[in-house]
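# the sequence isn't on hand, but the structure is:
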């Protein structure tokens, strides 16, 4: 079935064998450039989340201020 192994085993055992032998579970060695790029992307994501949170917090005050001038 899935793993090409013993078909006398229950289906879930064959499926688990297929999953554990699949190539997507193997560890991947990243280069230093890839690690650095990942760190930069993570840092930017955190910064955007912080700035977004601050803007969302301040938006009601900005709307009230705009209403006073209009």
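Happy to help now that I have it. Owing to the predicted nature of the structure, the values given are computational and were not obtained by experimental measurement.
# report the contact partners of residue 41.
Counting by CB atoms under 8 Å, 6 or more residues apart in numbering, residue 41 touches no other residue. Any C-beta I mention is one placed from the backbone N, CA and C, and that applies to glycine too.
# could you report the pLDDT at it?
Reported pLDDT at residue 41 in the predicted model: 96.
# residue 38 too?
pLDDT at residue 38 comes out at 93.
# which of the helices or strands spans it?
helix 32-69 (DSSP states H and E).
# buried residues in that helix?
Neighbour-count burial for helix 32-69 flags no residue at all (criterion: 16 or more other CB atoms under 10 Å).
# remind me which residues of this protein are low pLDDT?
1-26 (pLDDT under 70).
# ok, now with 50
Along the chain, the model assigns pLDDT under 50 to residues 1-3.
# sec struct for residue 30, please.
coil (DSSP: H, G, I helix; E, B strand; the rest coil).
# excluding residues flanking it in the chain, which one is nearest it?
The shortest distance from residue 30 to any non-neighbouring residue, by CB to CB, 6 or more residues apart in numbering, is to residue 38 (7.5 Å).
# quick check: the gap between the one you found and residue 68.
Plainly put, residue 38 is 45 Å away from residue 68 if you go by CB to CB, to the nearest Å.
# still on that earlier bit, so how far is residue 29 from the residue nearest to residue 30?
13 Å.
# cool, and residue 45?
According to CB to CB, residue 45 stands 23 Å off from residue 29.
# so residue 27: helix, strand or coil?
Criterion first, three-state DSSP; result for residue 27: coil.
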